[in-house]
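Undergrad: can't give you the sequence, but here's the structure:
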C-alpha cells in the first residue's frame, strides 16, 4: 500500500510524492523546486529513495540536483530527453521496479508536449506530467500534434477508474475552453461548477478520474459530433478525421 501527496511549487505546479505505507520511503516525481519537497519530507519523516522525471522542462527538473545531493538519490527519466541529472534512462512500454517497497511502474510513451515525454502508471494511478491535464492537454513545445494526439489516445484506453495526477492546476482555465467547445455538455456544466467551488476554497482539483476526462475533456472527445462541429466552425472548413479536429482544438486553445 502507498499514499500519494501533492507538494505545491511555483504558482501552479504539483510535485507528487508516493509514500510507502510501512517504511516511510518516498518516490519524488518531477521536482521542479527542491525547497517545498525538503520541507514536506522533513515534516513528515519520509525517506526519499528515487526521483522520477516525465520530461526535461525546468519546472519539472530544477530541484533534482539539490535533492539528489541531499538524499543520495537515483534519478530515473525518459530515454529520449536530455536531462543532465539523469542516472537511469527508461524506455517506454516497459515495466520497472524502482524499489521493493513499491509496486512495479509501467512506463508509457507519451510524446507531444515534448518529443520524449513519458508517463508512469502505478496500479491505477497515472503520473502524466504535461501530456494530459484535468480538462485539457499540454501545449506543443517540441513535439508534434500527431504525437500528442496519439499519446492521448493511448491514455484514453486506460481503465475508467484511473486517477490522473497531472503536474499543474490548470483545470478551471481548461474547462472554460471546454465550455466554449461544448456549451451544452451536461457533464461539463456540472464539472465546471464543482471546480469553481473547489478553487474558490483553494482546494486542488487534481487528481481527476479518467472517466470524467472522457466525458468532459474536448481533447479526448475529437470523435464526438459536437466537438467536431465546433472545431469546423472555428477553422471555417470541414475536418475529415479526429486528428484534424485535435489539431484545430490545440491551435484554438493556444489563442483562447
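TA: Happy to help now that I have it. Keep in mind the model is a prediction, meaning the values are calculated, not measured. Numbers count the residues shown, from 1 in each chain.
Undergrad: can you say which helix or strand has residue 3 in it?
TA: strand 2-9 (DSSP states H and E).
Undergrad: flag every buried residue along that strand.
TA: By neighbour count with 16 or more other Cβ atoms under 10 Å, strand 2-9 contains the buried residues 2, 4, 6-7, 9. Where C-beta positions appear, they are placed from N, C-alpha and C, glycine not excepted.
Undergrad: can you put those in CSV and add pLDDT?
TA: Formatted as CSV, the buried residues of strand 2-9 follow (pLDDT from 0 to 100):
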residue, pLDDT
2, 95
4, 98
6, 98
7, 98
9, 98
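Undergrad: tell me the phi and psi of residue 117?
TA: Backbone torsions of residue 117, given as degrees, to the nearest 10, read phi -50, psi 140.
Undergrad: okay, now the closest residue to it other than its chain neighbours: neighbour count?
TA: Of all residues not flanking residue 117 in the chain, residue 55 sits nearest, at 4.3 Å (Cβ to Cβ, 6 or more residues apart in numbering). Using other Cβ atoms under 10 Å, residue 55 has 29 neighbouring residues.
Undergrad: my guess is residue 55 contacts residue 113. True?
TA: Yes: the criterion here is Cβ atoms under 8 Å, and residue 55 meets it with residue 113 at 6.6 Å.
Undergrad: which residues of the stretch 51-200 of the chain fall in helices?
TA: Taking DSSP state H, counting those that start in this stretch as the test, the helices found in the stretch 51-200 of the chain are 58-61, 64-71, 145-156, 171-181, 186-200.
Undergrad: so which bits of the first one are buried?
TA: Under the neighbour-count criterion of 16+ other Cβ under 10 Å, helix 58-61 has 59-61 buried.
Undergrad: need those residues in a markdown table (columns: distance to residue 48).
TA: Shown next, in a markdown table, are the buried residues of helix 58-61 (distance: Cβ to Cβ, whole Å):
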| residue | distance to residue 48 |
| --- | --- |
| 59 | 19 |
| 60 | 16 |
| 61 | 16 |
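Undergrad: nearest to residue 193 among those?
TA: The nearest member of the buried residues of helix 58-61 to residue 193, counting by Cβ to Cβ, is residue 59 at 29.5 Å.
Undergrad: and that closest one, what pLDDT?
TA: Here the pLDDT value assigned to residue 59 is 98.
Undergrad: alright, I will stop here.
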